[in-house]
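*Asks:* The sequence isn't on hand, but the structure is:
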């Protein structure tokens, strides 16, 4: 059976990663969270005092890209790939609100996007791939076999993100989460380099009132109809 590349794009906190993990597990495909790469670089910038992103700090961060080694390793307890930065697992650290507040600004830096996209493209040789992010179907894999674009109402996305962080032990405020999501959407859609867009051939899924299982079943049915799985 032919293995395909599935690109999942969408706005912040639409559940792209959760859906991509579930889909990759169902298909027994490799899962890559592209956004975690930008989050890992943002975490690195914060820890190395390169925030705020002044011109000097941006140039310093770009100069350090060769020292930032990003990799994915399977987490034996979850069965999914975790992001590693220079050998350290950052899967939990990159979810903080501090990282969320700066990740869109880091991700819009052209040389950083180019560096990350090159890494992402290298994964296309894996047999069967599900990758989620902001520009997977438009830039990284424009010829992906299946492109999905997720959207949902602002307040539902904020509530989902708020609940997720509370469950993980973070002390956060709902309004901060809501404002962060609106800010990220604005930066993602308005950046000059690889802005967040809906690819013309993407299937748009508004999951405001859909459970993750509803979404999975819809996509599996779609895959079966298109690729005779």
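*Replies:* That came in fine, so what should we check first? It should be emphasised that the depicted structure is a prediction, and the values quoted were computed from it without experimental measurement.
*Asks:* Only C-alpha atoms from now on, for both contacts and neighbour counts.
*Replies:* Will do.
*Asks:* Kindly provide the distance from residue 34 to residue 161.
*Replies:* Going from residue 34 to residue 161 by Cα to Cα, to the nearest Å gives 18 Å.
*Asks:* other SSEs contacting the helix or strand of the chain at the bottom of the mean pLDDT ranking?
*Replies:* Sorting the helices and strands of the chain by mean pLDDT, DSSP states H and E puts strand 70-74 at the bottom, at a mean of 87. Contacts defined by 3 or more Cα pairs under 8 Å, 6 or more residues apart in numbering; DSSP states H and E place strand 70-74 against strand 81-85.
*Asks:* quick one on the thing from earlier: what comes up buried for the least confident helix or strand of the chain?
*Replies:* 70, 71, 72 (16 or more other Cα atoms under 10 Å).
*Asks:* Relative to residue 38, how far out is the second one?
*Replies:* Same thing as residue 71. For residue 71, the distance to residue 38 - Cα to Cα - is 12 Å.
*Asks:* got it, and the last one?
*Replies:* Counting by Cα to Cα, the gap between residue 72 and residue 38 amounts to 13 Å.
*Asks:* next one: residue 132
*Replies:* 12 Å.
*Asks:* between those two, which one's more packed in?
*Replies:* Set residue 132 next to residue 38 and count neighbours by other Cα atoms under 10 Å: residue 132 wins out with 28 against 24.
*Asks:* thinking the more buried one is in contact with residue 21, fair?
*Replies:* No - with contact defined as Cα atoms under 8 Å, residue 132 does not reach residue 21; the gap is 9.4 Å.
*Asks:* Find residues that contact each of these two.
*Replies:* Counting by Cα atoms under 8 Å, 6 or more residues apart in numbering, residue 132 and residue 21 have no contacts in common.
*Asks:* ok, which stretches of the protein are helices?
*Replies:* 16-27, 35-47, 55-63, 97-107, 110-121, 154-167, 174-190, 212-227 (DSSP state H).
*Asks:* So which bits of the last one are buried?
*Replies:* It stands for helix 212-227. Neighbour counts using 16+ other Cα under 10 Å place 215, 216, 219, 223 of helix 212-227 among the buried residues.
*Asks:* Quick one: the residues you listed as a markdown table, columns for pLDDT too.
*Replies:* Listed next are the buried residues of helix 212-227 as a markdown table, based on pLDDT from 0 to 100:
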| residue | pLDDT |
| --- | --- |
| 215 | 98 |
| 216 | 98 |
| 219 | 98 |
| 223 | 96 |
